[in-house]
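S.K.: output the structure for:
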Amino acid sequence: MNESKRRVPGRVREVTSLTNPLVKEIKALALKKYRDRERAFMAEGLKLVIDALDAGWTIRTFVYAKTARGNAKVEKVAARAVAAGALVLEVSQKVLSAITRRDNPQMVMGIFAQRYHSLKDTRPAKDDVWVALDRVRDPGNLGTIIRTVDAVGAKGVILVGECTDPFSIETVRATMGSLFAVPLARADEESFLAWRRDFPGLVVGTHLAGSVDYRSVDYRAGPILLLMGNEQQGLPDRLAEACDRLVRIPQAGRADSLNLAVATGVMLYEIRRTALPAEAEAMR
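M.R.: Numbers count the residues shown, from 1 in each chain. Alright, predicted model coming up:
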């Protein structure tokens, strides 16, 4: 989207046609290649839009249903969007359904600029916990992990290799707003391993071949980097060899592994419980 050509701060535009060029441009953000090109993404719902604005993310376009006209909360957010220089669109229910690809869409959505943190400039402090994910494929898993990272107070997520897009509409939904609170970095395997070599703390990975019970590790030698593998294949050899500890989560039933998001949550809460007991107590 060429924002410089069409953004008119302070002006609300009414859109009712599915063939409107603005609608086509927003709909195109459902595809990764357009999100990458525009470095933008969609966030549905009033809560997510407010979360993003409160966290200082750059809003490009604010869209609300005509039926929301007169809603004090929606109008307040629209005013914030205008003040931030965003284009504000009032659209029909038909247009909003087409944009979100949902029959019963929420009454507002925002288009925001993507944001990544530089991995090479990331310098973990003593009590920091970071999560690195190797080629995570499922948007629901990634969104849930981002939400869990936020919940336990970990510092951020590093995406290694070809991961699912954290800015897809499915992932954004699954984060429930935590996307806007959790720093994201991305790197290919080589760049990640180069960064890991200077990591000042403990690197722990889960692995089926892990001989150490995850509950027996001393996580107080922070900072901690938790390295989690792909849903189907787990950690590849090079990343497993980069870990100081390979741990396993014992299985009592017939299942031989846990869902990636669940396993990451189990690990994060154990790390927080043992590494920072005061914070763990505060989370109760």
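S.K.: low-confidence stretches in this structure?
M.R.: 1-11, 276-284 (pLDDT under 70).
S.K.: what packs against the helix ranked longest in it?
M.R.: The single longest helix within the chain, with elements called by DSSP state H, is helix 260-275. Packing contacts for helix 260-275, counted by 3 or more Cβ pairs under 8 Å, 6 or more residues apart in numbering; DSSP states H and E, involve strand 129-134, helix 139-152, strand 202-206, strand 224-228, helix 277-282. Just so you know, the C-beta spots here come from the backbone N, C-alpha and C atoms, and that holds for glycine as well.
S.K.: so which of those comes closest to Ala187?
M.R.: Minimum separation from Ala187 across these (Cβ to Cβ) falls at strand 129-134, 8.9 Å.
S.K.: now the helices and strands packed on helix 260-275 in a markdown table, with mean neighbour count and distance to Ala52?
M.R.: Below are the helices and strands packed on helix 260-275 laid out as a markdown table (neighbours: other Cβ atoms under 10 Å; distance: least, Cβ to Cβ, whole Å):
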| stretch | mean neighbour count | distance to Ala52 |
| --- | --- | --- |
| strand 129-134 | 25 | 21 |
| helix 139-152 | 22 | 14 |
| strand 202-206 | 22 | 32 |
| strand 224-228 | 26 | 26 |
| helix 277-282 | 11 | 26 |
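S.K.: centroid residue for the chain?
M.R.: By Cα atoms, centre = their mean, the mean C-alpha position of the chain lies nearest to Leu179, the distance being 3.9 Å.
S.K.: quick check, that residue in contact with Ile146.
M.R.: Yes: at 5.8 Å, Leu179 counts as touching Ile146 under the criterion of Cβ atoms under 8 Å.
S.K.: cool, thanks, talk later.
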